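Colleague: My questions concern the predicted model and sequence given below.
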Amino acid sequence: MGTIRKWDLANKETRDKCISEVITRIEEIGDDKIGLIAAQDIIDIVSENFGPEIYNKAILDAKKLLEDRMNDVETEIDLLQVQA
């Protein structure tokens with residue numbers, strides 16, 4: 001059984017599109033042909049190097065969104081207070 005790559009968790013359509021685009025791009029920039037395994041290796045390298053950074057950025061973006069929403073909720077609750 002083959003090695004499970006991190007990006008194998010993506011849906012098949014996304015994987016196939018990515019592989020196809022890598023193959024097409026490499027063939028466009030040179031006369032060389034590239035196979036499926038080489039294209040998968042390139043995607044693995046990019047995923048391993050950029051994957052954690054992209055994931056962490058998404059987490060920070062989600063955290064910021066939640067903080068902004070919580071600030072909005074706090075403001076709305078403050079506006080509900082009865083003035084004495």
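Modeller: Yep, it's here. Numbers count the residues shown, from 1 in each chain.

Colleague: any idea of the pLDDT on Arg69?
Modeller: Looking at Arg69, its pLDDT is 97.

Colleague: Count residues in the vicinity of it, would you?
Modeller: Close neighbours of Arg69, defined as other CB atoms under 10 Å, add up to 10. No exception for glycine: its C-beta is placed from N, CA and C like everyone else's.

Colleague: again with Cys18
Modeller: Count around Cys18 with other CB under 10 Å applied: 18.

Colleague: Just the element for it, please.
Modeller: Under the criterion of DSSP states H and E, Cys18 resides in helix 12-29.

Colleague: If we go by neighbour counts, what in that helix is buried?
Modeller: Within helix 12-29, the residues scored as buried using 16 or more other CB atoms under 10 Å are Arg15, Cys18, Ile19, Val22, Ile23.

Colleague: just the CA coordinates of it, formatted as PDB?
Modeller: Only the C-alpha atoms of helix 12-29 are listed here, as PDB (Å, rounded to 0.1, in the frame of the first residue of the first chain):
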ATOM      1  CA  LYS A  12     -10.400  13.600  -5.600                       C
ATOM      2  CA  GLU A  13     -11.500  16.400  -7.900                       C
ATOM      3  CA  THR A  14      -9.200  18.900  -6.200                       C
ATOM      4  CA  ARG A  15      -6.200  16.400  -6.200                       C
ATOM      5  CA  ASP A  16      -6.700  15.600  -9.900                       C
ATOM      6  CA  LYS A  17      -7.000  19.300 -10.900                       C
ATOM      7  CA  CYS A  18      -3.900  20.100  -9.000                       C
ATOM      8  CA  ILE A  19      -1.900  17.300 -10.600                       C
ATOM      9  CA  SER A  20      -3.200  18.200 -14.000                       C
ATOM     10  CA  GLU A  21      -2.300  21.900 -13.500                       C
ATOM     11  CA  VAL A  22       1.300  21.000 -12.400                       C
ATOM     12  CA  ILE A  23       1.800  18.700 -15.400                       C
ATOM     13  CA  THR A  24       0.400  21.300 -17.800                       C
ATOM     14  CA  ARG A  25       2.500  24.200 -16.300                       C
ATOM     15  CA  ILE A  26       5.800  22.200 -16.400                       C
ATOM     16  CA  GLU A  27       5.100  21.200 -20.000                       C
ATOM     17  CA  GLU A  28       4.300  24.800 -20.900                       C
ATOM     18  CA  ILE A  29       7.600  26.200 -19.500                       C
END
